[in-house]
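Engineer: A structural model of the following input is requested.
(5 chains)
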Amino acid sequence: MSKKGKNGSRRRAQQRRRFDQTIHPHTRPGTIIVPPEALPPLLQITAYGPEQIVEKRNATVAQIVELRGKYPVVWIDAIGLGDAALIEQLGKTLGLHHLSLEDMATVPQRSKVEDFPHHLFAVTQIPTYNGDLCLEQVSLFAGKGFVLSWREHAGHCFDIVRKRLQVTGGTTRSAGVDYLLYALIDAVIDSYFPVLEQLGEVFDELDDRVEADSSPECIAQMRDIRHDVRQLRRVIWPLRDAIDDLIRSPPEQITQETLIHFRDCHDHTVQIMDTLENYRDAGSDLRDYYATAISNRMNETIKVLTIISTIFMPLSFIAGVYGMNFEAAESAEWGWDMPELRWKYGYPFALGLMALVAAGQLWFFRRRGWIGKGKQREREAKEK
Amino acid sequence: MSKKGKNGSRRRAQQRRRFDQTIHPHTRPGTIIVPPEALPPLLQITAYGPEQIVEKRNATVAQIVELRGKYPVVWIDAIGLGDAALIEQLGKTLGLHHLSLEDMATVPQRSKVEDFPHHLFAVTQIPTYNGDLCLEQVSLFAGKGFVLSWREHAGHCFDIVRKRLQVTGGTTRSAGVDYLLYALIDAVIDSYFPVLEQLGEVFDELDDRVEADSSPECIAQMRDIRHDVRQLRRVIWPLRDAIDDLIRSPPEQITQETLIHFRDCHDHTVQIMDTLENYRDAGSDLRDYYATAISNRMNETIKVLTIISTIFMPLSFIAGVYGMNFEAAESAEWGWDMPELRWKYGYPFALGLMALVAAGQLWFFRRRGWIGKGKQREREAKEK
Amino acid sequence: MSKKGKNGSRRRAQQRRRFDQTIHPHTRPGTIIVPPEALPPLLQITAYGPEQIVEKRNATVAQIVELRGKYPVVWIDAIGLGDAALIEQLGKTLGLHHLSLEDMATVPQRSKVEDFPHHLFAVTQIPTYNGDLCLEQVSLFAGKGFVLSWREHAGHCFDIVRKRLQVTGGTTRSAGVDYLLYALIDAVIDSYFPVLEQLGEVFDELDDRVEADSSPECIAQMRDIRHDVRQLRRVIWPLRDAIDDLIRSPPEQITQETLIHFRDCHDHTVQIMDTLENYRDAGSDLRDYYATAISNRMNETIKVLTIISTIFMPLSFIAGVYGMNFEAAESAEWGWDMPELRWKYGYPFALGLMALVAAGQLWFFRRRGWIGKGKQREREAKEK
Amino acid sequence: MSKKGKNGSRRRAQQRRRFDQTIHPHTRPGTIIVPPEALPPLLQITAYGPEQIVEKRNATVAQIVELRGKYPVVWIDAIGLGDAALIEQLGKTLGLHHLSLEDMATVPQRSKVEDFPHHLFAVTQIPTYNGDLCLEQVSLFAGKGFVLSWREHAGHCFDIVRKRLQVTGGTTRSAGVDYLLYALIDAVIDSYFPVLEQLGEVFDELDDRVEADSSPECIAQMRDIRHDVRQLRRVIWPLRDAIDDLIRSPPEQITQETLIHFRDCHDHTVQIMDTLENYRDAGSDLRDYYATAISNRMNETIKVLTIISTIFMPLSFIAGVYGMNFEAAESAEWGWDMPELRWKYGYPFALGLMALVAAGQLWFFRRRGWIGKGKQREREAKEK
Amino acid sequence: MSKKGKNGSRRRAQQRRRFDQTIHPHTRPGTIIVPPEALPPLLQITAYGPEQIVEKRNATVAQIVELRGKYPVVWIDAIGLGDAALIEQLGKTLGLHHLSLEDMATVPQRSKVEDFPHHLFAVTQIPTYNGDLCLEQVSLFAGKGFVLSWREHAGHCFDIVRKRLQVTGGTTRSAGVDYLLYALIDAVIDSYFPVLEQLGEVFDELDDRVEADSSPECIAQMRDIRHDVRQLRRVIWPLRDAIDDLIRSPPEQITQETLIHFRDCHDHTVQIMDTLENYRDAGSDLRDYYATAISNRMNETIKVLTIISTIFMPLSFIAGVYGMNFEAAESAEWGWDMPELRWKYGYPFALGLMALVAAGQLWFFRRRGWIGKGKQREREAKEK
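Structural biologist: Purely as a prediction, here's the structure:
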């Protein structure tokens, strides 16, 4: 296997591991166990009302408590899951349910939106793609006067929300916690579109390569992209259902106006699903196409073999006949001892016979369309 | 890959791009961003009541306001999405919801019918096919006393409605806004039938070609048409569901009589779906057929190779035997030094042996049905 | 492609056209446009009550009006769709909804049962099969005191109903309009069973042929029958659903007793669906089987090639060796100039060597089961 | 096709015929038409209460009437459908609905449980398997004080129920008609398990054979067993649904206690379905495996061909070169006329050259893993 | 078939037998028949309240009765199904329904949770994997003050629960019977994750092997793992549905708080299903990949054959030509008797001609990418 192919399979293995191994069986339910390589958490607070807005980087839990009283909405944007104690502390401060914190710390979770007694809890994955598909978990908690978002790594996904919050008088600033929750979920869903676009380009590239290239890398890449498409479907499918449930039986925190915006979110997830269906079909098509290309190539190879064999076997046979050593003196009189060998034009006759046989074969193959047609077709195509 | 095939894959890539890239992530929801290559809009107003009808080409927003008071129904037929300001202005004038305008300007949208507080909003795609499938978005707004239709490009889709409106005393003229909305949606759905017919012809053509032609163009065309069928399914499926929802829980604007006509629309979408299912199966059949054709051709090639090898190898062997140089003088006495070479009829004997072997092989192949049967079958077919 | 295959694909194309083209886009809804090659209509009236029965062939609309007053049930059996004026006139006389008449005249319709204000409307297809599957549309209208059935062509489908009506005191005679409607629908559904039987025979025939015959006709026939099975499914599926809907929410015209009989109809459609599912699976099996048969044949061909090559190549090589011209006088003394050529039994030795090699190869192939096993297996099978 | 395969396909054809042809179209609904080869019916009556039990073989209808008054439960076990008059008479005596009798006489019926005004009616199939799958129809009628079971042929299916009835004080004896109905249905469902077991053994056998054996019998058997599995699914599926419906909305004849036992029946049908799903997957696996085995065998064959050709072609070429007749006297001086022929060790040199080429080829093939590895692998496997 | 493959198929056969044969048809319902090789049961009692905890190994039924009065929760952990009498006795003591005991003793059962009058009954399978997948049945009964768990063999599945119970003041100790039931079910579900992980590793291993290795073991392993994945799906699917039903309509024994924990269980089963779906797709991919690998290898083999044949056939032909024996004296004057043989540089000319032909062929194959490209590609890959 080539290096790339090996990497691909190792990568798939890692993803699989990521998707299987992180639920630690045989632990007490409700225990927060942070993933082994998680980063230490960094908190960034954005507290705002229609008129004022305050931002604090590297904030502490104490600051959260302080700001919650002063501003209508406090958005705590946490990055890094590496500190179980901080998670517990923050959960206690904000009144978050223990099971939701546990889900947050367990990577990866199936996308879901759950309604806990004192807060809403949503969890899903943010995708990034640069040759490999990476999924980063994001958890959102929306309670009274606060939204807590917790991501695994720093990223640019929420920058657009932060920017919009700066606009005094904008919808986002004057609306409440529910609208901020919507804006964050919308930002996460929007982050799927560039990834879809990149996958689309890989499909285009494969589309061009697949006919000519039967290298293992090509197969490996085809498997990888189909795997990625499936992975994304597994994330988006439950997210779409979760938002659909949210719209059908909305929790009371969410206003009617925000609900219409959630409907928009739902439309986007449906559109992503549609695109992924398209990609899935494109992936199947590629695989079929590849199999057909192999068959066609094999056919071509066998044709070459057949043409060569069919031409040279009779020729060799003729040469063999005139290489026989019949020389019975007595029969020579009767002309029965290979008289051609003693003909005046025996050799040219033999060569001519061979040329004739070869020409006949070529004519046969041409009529069958095995040779020459390709060029003819090209010529016809040009004339069109 | 041939030129056509390349084009096909490029075309697919463009469509994919069209279907993925136009949602601009990281923008404030509710912002109208017109597609980059959209045409400048042209408005055409048809205002009518049971008795009078007025048409205005290149109309302005002011004229709309003026005509709305005078006539029961004002139909604004806009072409071209290239002016965000005009869209906003018109939206304000007619009281259209901001999200629906945004959806209109975002190409492509999934087919849907949505009930906004002051108006109905429907969006779907008009197909055209000339070798390539093109989908053009059309948005329909139906509010109090007006219908606004907005297409990407000019087309003949709505000509039939305009013609019918000219008939004083016709149903369309005397009916209200809801019937006009139905007539427009019906016109859009009717525009799918010629496209289906054209696809059907391509299938017929492929059907005839696929057995004989294994060129890359043929495969590419098969992939293209299957892709087109899938594309149409993705458009019609949600449209069917949307009309179904409309019939089940009709908004109050729509009268009972018009509803029966919408039921007819629904039947048409179901029929289109049925035809597309047929085409999908036909596409799969073609693919299977193509694979079988390749296998059969390979089989034929191998048969030719086998027949030639099987005939000439023994012959060459015989020739080889009599080309050996055994000449031990002492053994000649005993007749052990290739006595055939000194037989009187040695050469004819060798040729006869070869002929016998060849004939035996041919008989064997004929009995196996590898050769001759084809012609025999043809003869039998003729006699039938 | 063979003639039959061509015909098959042309036939399929015609069917497809039949199933796509007949909805004339860009016409006013409610217009009756008769199919281009429709026959001129012929009306046959059967008016009956429990005691009397009257039959009139080549009846006129006036006779219908006359008989409707006198008899409890009037059955108008019309054949041929070729007269739009007559259809409109009859529709007006019997109070039929314009949309239902339009559906009747549009061929082909999806099977459905619709409840219009003054009458029930049912439309489905009657199948016939003689090598090709033909579907003929039949529309049924059941209103107050009359049943109107309208078929495209004359057929024997309703003969059984007519015969039963002759029996004075029979259930059909004494029951009302709803029972006649049931009897007609039942007759239509019963007409599917002989077609299924014929398809079953074609499957049996193909089953026997597929292993030995790889001709294009065989593939074409396999495609045709799978296409026919799909076509029938597309007709029966909506019919089953329509009857199911009828049973769940029966219109008031239908009595409880007749409803039980409709339940029986439903059972029959389910049974037809089951059989079609069976056929679909049988079709897939045939395709798989065919592909396997091709692979097996290719394998056999390659085996022959390999056996022949493997036997004769070494033999030819040996012959070639002893055809070499080494003759160095000096080496002859040492016995290095191909001493075999001068051996007393050189030639028999060479022939023996060849026989040995050939025998070895044959033994090898026999052990591998490539040759001889077939006969051995046959012998074993006989002994069983 | 081999004899067995032929038989298989004929058998399948018969089954198909059995499953299609027995609904006689064009007959008055409600007519009892017994299957053409049905046996004359034999009635066996078992009348019992908690204390007494009476059995009568070859009973008459009069005896039924007599016993019905005396015992709480009368079970009439009829075998053979060959007497339409008796069926009608019995139906009248017991008050059975005409449609249910008709269904009983029509073979085969889809499994169903129907609630008629005066009795319950259940119909399903009893399977037997001895190489071929046979399905025998059984109909059960449960009314006031009687259960009528009607089978096509005699069998041991109900022996267990009869045995249990002999136990005075057993549950079956003391319970009513509904429990007897349950016991009979349970006995029918239990009769599926031995058949499943036998099918499982056939799968195991095929599993072992499929890799080595590509004979037509093997394919035919694979098709047969897949067909049998599908057939069983088609019978069990509606039976499961029917029992499910029975549990959800139980008719009043059935007590709460018996209902729990019917729930058990339902579990059994679900388990049978699960097993059949398993078998279906196993069938697909076998087919894939078979295709892979063919490919592998073909690959092996081609390898042998390639190895032989690749070794002997160069050797023959060398032999051919030294069989050339260059002998120009003038060039001999210069050493240009095939000097090897005159070398002292020319012949050994040629043989050595050939040996070298052959060894090189063998080394190449060995490195490629085409030869020798198999044995090496075997050796490794042994060491393990 | 290799030893491992044989084992695999034998193993599958055993599993199938295990999954089919254990329902003994023709037995009175409600009879407890223990599996033939079941171990003699061992009871271990853990009785606890918030403050005290008592453990008894090798306990008797009498001890259960004694402890039930003293402690709020008594957990009886039974291992081994081999004593029908003990099962009956325990069932009577604890008031368990006879049908549930019967289900417990019948191995294997479909996963289900059933609500019996006096207790809840849950049954599912505990998986273990060490090359082969083993499923061991566990039954759970939760009644007033007791939980009875019954496994086939001893295992470490419940150790974690036992450990947690030791923690005085822990949730498990202070909660009631319902929480213990949850904890046991949770432990069972958690036992699936290590198995999934192991399967994932097998997939990774196969992923690496499949391209290079086409041995029967590889196919057999692929079939085995796909079979295992399906087996697990068949167990988890009904378990997920059963827990879902439990959550939707919870029996009254279960408190609101425990219900939230059951929701967590449900999430875990959904996650297992997701992973199994992933594995199923991975299995299909592997199979496709394997088929492609075989095709590619066959292609390579045929290429070698074609290259060798195409190079050596023309060479042998040339050698054959110059091995012909034309020697007519008369023609020699005219130069017609193979003048090349008498050329001064005839032999070098012939060799040169051969070299030219061979070089031409090589150039042709190189341009076609059949030879040399591989290395070139490797070089390019290195440069990257």
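
Engineer: residue ranges with poor pLDDT in chain A?
Structural biologist: A:1-30, A:213-214, A:327-337, A:372-384 (pLDDT under 70).

Engineer: looking at it, which residue is nearest chain C?
Structural biologist: Nearest residue of chain A to chain C (C-beta to the nearest C-beta) works out as residue A:323 at 7.0 Å. C-beta here means a position set from N, CA and C on the backbone, and glycine is covered the same way.

Engineer: check which helix or strand that residue maps to.
Structural biologist: Per DSSP states H and E, residue A:323 falls between elements, in no helix or strand.

Engineer: wait, it touches residue C:323, no?
Structural biologist: Yes - between residue A:323 and residue C:323 there is a contact under C-beta atoms under 8 Å: 7.0 Å.

Engineer: okay, and the common contacts of these two?
Structural biologist: Common contact partners of residue A:323 and residue C:323 (C-beta atoms under 8 Å, 6 or more residues apart in numbering or on different chains): B:323, D:323, E:323.

Engineer: so what's the residue count around the second one?
Structural biologist: This means residue D:323. Neighbour count of residue D:323, defined by other C-beta atoms under 10 Å in any protein chain shown: 27.

Engineer: I figured it was touching residue E:319, is that so?
Structural biologist: Yes - using C-beta under 8 Å, residue D:323 makes contact with residue E:319 at a distance of 6.8 Å.

Engineer: and the strands in the stretch 151-300 of chain A?
Structural biologist: Counting by DSSP state E, counting those that start in this stretch, one finds no strands in the stretch 151-300 of chain A.

Engineer: tell me the angle the helix or strand containing residue A:316 makes with helix C:256-321.
Structural biologist: Assigned by DSSP H and E, residue A:316 belongs to helix A:256-321. If you take axes from the mean of the first three to the mean of the last three C-alpha atoms, to 10 degrees, helix A:256-321 sits at 30 degrees to helix C:256-321.

Engineer: helix A:256-321 near chain E anywhere?
Structural biologist: Yes - counting by C-beta under 8 Å from any C-beta of the partner chain, chain E has neighbours in helix A:256-321: A:287, A:290-291, A:294-295, A:297-298, A:301-302, A:304-305, A:308-309, A:312-313, A:315-316, A:319-320.

Engineer: contact partners for the residue nearest the centre of chain A?
Structural biologist: Nearest to the geometric centre of chain A sits residue A:228, at 2.8 Å (C-alpha atoms, centre = their mean). For residue A:228, the contact set (C-beta under 8 Å, 6+ apart) comprises A:129, A:133, A:199.

Engineer: among those residues, name the ones in helices.
Structural biologist: residue A:199 (DSSP state H).

Engineer: whichever of the contacts of residue A:228 end up buried, select them in PyMOL.
Structural biologist: Filtering those down to the buried ones (16 or more other C-beta atoms under 10 Å in any protein chain shown) takes a single PyMOL command:
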select buried, chain A and resi 129+133+199
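
Engineer: need the contacts of residue A:228 in a markdown table with distance to chain E, can you?
Structural biologist: As requested, these are exported to a markdown table (distance: C-beta to the nearest C-beta, whole Å):
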| residue | distance to chain E |
| --- | --- |
| A:129 | 19 |
| A:133 | 14 |
| A:199 | 17 |
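
Engineer: ok, back up a step: is chain B contacted by the helix holding residue A:316?
Structural biologist: Yes - on the criterion C-beta under 8 Å from any C-beta, helix A:256-321 is in touch with chain B at A:260-261, A:264, A:267-268, A:270-271, A:274-275, A:277-278, A:281-282, A:285, A:288-289, A:291-292, A:295-296, A:298-299, A:302-303, A:305-306, A:309-310, A:313-314, A:316-317, A:320-321.
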